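Student: Have a look; sequence and predicted model below, questions after that.
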Amino acid sequence: MKIVIPGGSGQVGTVLARAFVADGHGVVVLGRRLYPTRPVSGRTDAGSIRYVEWNGETMGRWASELDGADVVINLAGRSVNCRYGARNRREIKESRVKSTRAVGQAIAEAALPPRVWLQASTATIYAHRYDAPNDEATGIIGGNEPNSPETWRFSIDVAKSWEQAALEAVTPKTRLVLLRSAITMSPDRGGAFDYLLRLVRWSLGGKHGDGQQFVSWIHDCDFVRAIYWLIEHDLSGPVNLAAPNPLPNVEFMRQLQNAWGMRIGLPATEWMLEVGTFLMRSESELVLKSRRVIPSRLLASGFEFKFPTWAEAAQDLCDRWKGIQRPDQS
């Protein structure tokens, strides 16, 4: 297949591109910076990654890459790992909405449009809740909780606008899937798992806040397998990409400590998290909001998770993390 990944230079895009080229597919990454084409070393049957420049807003020569492509996976959008000041808010929202509209326009104008458009969204679109899980049919879309912080409502507004931009595109020959993804856990440096494991290694891997907020996640191998599944099966609309067993933060961190073999894990109170995320130029929402999401549509379609529970996923990720050479490894 020819697979085009706008915004594919981040962690999730790298995980996907690495898997696709290893399987012999050709990948085109649309990005704001150019990189050389990279074949997979040691694999004569492997595909390659080709990088094409775009601005993420307007039509250009990049649009021809979608004409005749098999699949488009749009991951473009400014990182949310920042403080939600006015400028960052504008860039977070506009980078998602404008890039999605541009991709939709390119597909609509293609002579041979791709058969599948997988459009990034987020499990953050659901309400902060503990009482029941959110699935695609019965989940509560957030934004109206009277006592939720304003920054949380902003994230939900972004998610809604992001999906709406894709739904407004007129692409009748292309199947559209909205990827409501939980946090993708991979052992790659700089990702969410790498950060959480660093806390555990430094004996700071206790609960966050009261620890009762649910954590939804997906192992990177299952994420790749789910993307292949969505390419090959006739699903459209919102699909939750999350392992079927979310769990409270206190248990999530405890199981990660067990996987690493760490007995001590100091907790972080809510005020400590507010101070810490401020100093790190991030937002406490990323750890305090309860994300209790289940993948009902994936399961109903017959998809089976290789890592359905966090304990086994965390053990695999820790083992793989140890196998990666890092200059700061301890």
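Tutor: Sure thing, it's come through. Everything numeric here is computed off the predicted structure, so don't read it as measured data. Numbering: from 1, shown residues only.

Student: Mean pLDDT per helix and strand in the protein: which one sits at the bottom?
Tutor: With mean pLDDT, DSSP states H and E as the measure, the helix or strand of the chain carrying the lowest mean pLDDT is strand 38-39 (a mean of 44).

Student: What are the buried residues along the helix or strand following that strand?
Tutor: Sequence order places strand 48-53 as the next helix or strand after strand 38-39, per DSSP states H and E. Judged by neighbour count using 16 or more other Cβ atoms under 10 Å, the buried positions of strand 48-53 are 49-52. Placement of C-beta: from N, CA and C, glycine included.

Student: Check stretch 171-179 too.
Tutor: For stretch 171-179, using 16+ other Cβ under 10 Å, the buried residues are 171, 174-179.

Student: Any chance of CSV for these, columns secondary structure, distance to residue 62 and pLDDT?
Tutor: Below are the buried residues of stretch 171-179 laid out as CSV (DSSP: H, G, I helix; E, B strand; the rest coil; distance: Cβ to Cβ, whole Å; pLDDT from 0 to 100):
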residue, secondary structure, distance to residue 62, pLDDT
171, coil, 17, 96
174, coil, 17, 98
175, strand, 22, 98
176, strand, 20, 98
177, strand, 22, 98
178, strand, 22, 98
179, strand, 21, 98
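
Student: just curious, which of those residues is nearest to residue 101?
Tutor: Taking Cβ to Cβ as the measure, residue 101 sits nearest to residue 171 out of the buried residues of stretch 171-179, at 11.8 Å.

Student: Quick one: residues contacting the closest one.
Tutor: Taking Cβ atoms under 8 Å, 6 or more residues apart in numbering as the criterion, residue 171 is in contact with 104, 107-108, 113, 117.

Student: Name the member of those that has the highest neighbour count.
Tutor: Neighbour tally across the contacts of residue 171 (other Cβ atoms under 10 Å): the maximum, 26 neighbours, falls on residue 117.

Student: Tell me what that one is bridged to.
Tutor: Using DSSP bridges, the bridge partners assigned to residue 117 are residue 72, residue 176.

Student: what's near enough to touch it?
Tutor: 71-72, 74, 103-104, 107, 166, 171, 174-177.

Student: can you tell me how far it sits from residue 178?
Tutor: The gap separating residue 117 from residue 178 is 10 Å, by Cβ to Cβ, to the nearest Å.

Student: Give me the common contacts of those two.
Tutor: Common contact partners of residue 117 and residue 178 (Cβ under 8 Å, 6+ apart): residue 166.

Student: pLDDT score assigned to residue 191?
Tutor: With respect to pLDDT, residue 191 scores 88.

Student: in the protein, which spans are helices?
Tutor: With helices called from DSSP state H, the chain shows them at 11-22, 86-109, 150-167, 192-201, 220-232, 249-260, 270-279, 285-288, 296-300, 310-322.

Student: Dump those into TSV; add distance to residue 238 as well.
Tutor: Conversion of the helices of the chain to TSV gives the following (distance: least, Cβ to Cβ, whole Å):
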stretch	distance to residue 238
helix 11-22	18
helix 86-109	15
helix 150-167	7
helix 192-201	22
helix 220-232	12
helix 249-260	24
helix 270-279	29
helix 285-288	21
helix 296-300	8
helix 310-322	23
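
Student: Ok, which of the ones you listed comes nearest residue 207?
Tutor: Here helix 249-260 is closest among the helices of the chain (Cβ to Cβ), at 4.0 Å.

Student: Report the inter-axis angle for the closest one versus helix 192-201.
Tutor: Taking axes from the mean of the first three to the mean of the last three Cα atoms, to 10 degrees, one finds that helix 249-260 is oriented at 80 degrees with respect to helix 192-201.

Student: just how off-centre is helix 249-260 within its chain?
Tutor: Its chain's average C-alpha position is 21 Å from that of helix 249-260, according to Cα atoms, centre = their mean, to the nearest Å.

Student: tell me what it is packed against?
Tutor: Using 3 or more Cβ pairs under 8 Å, 6 or more residues apart in numbering; DSSP states H and E as the contact criterion, the elements in contact with helix 249-260 are helix 192-201, strand 214-215, helix 310-322.

Student: Stretch 313-320 - what's its average pLDDT?
Tutor: Mean pLDDT, stretch 313-320: 97.

Student: and what of stretch 126-145?
Tutor: The average pLDDT within stretch 126-145 is 87.

Student: follow-up on the earlier one: lowest mean pLDDT across the helices of the chain, which one is that?
Tutor: Across the helices of the chain, helix 270-279 has the smallest mean pLDDT, namely a mean of 62.

Student: Generate CSV for the contacts of residue 117, with distance to residue 309 as supplementary columns.
Tutor: Supplementary listing: these in CSV, determined by distance: Cβ to Cβ, whole Å:
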residue, distance to residue 309
71, 30
72, 32
74, 30
103, 35
104, 37
107, 37
166, 32
171, 37
174, 35
175, 31
176, 31
177, 25
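
Student: Quick one: neighbours of the closest residue to residue 77 other than its chain neighbours, just the number.
Tutor: Taking Cβ to Cβ, 6 or more residues apart in numbering as the measure, residue 77 lies nearest to residue 96, with 4.1 Å between them; neighbours along the chain are not counted. Counted with other Cβ under 10 Å, the neighbours of residue 96 add up to 28.
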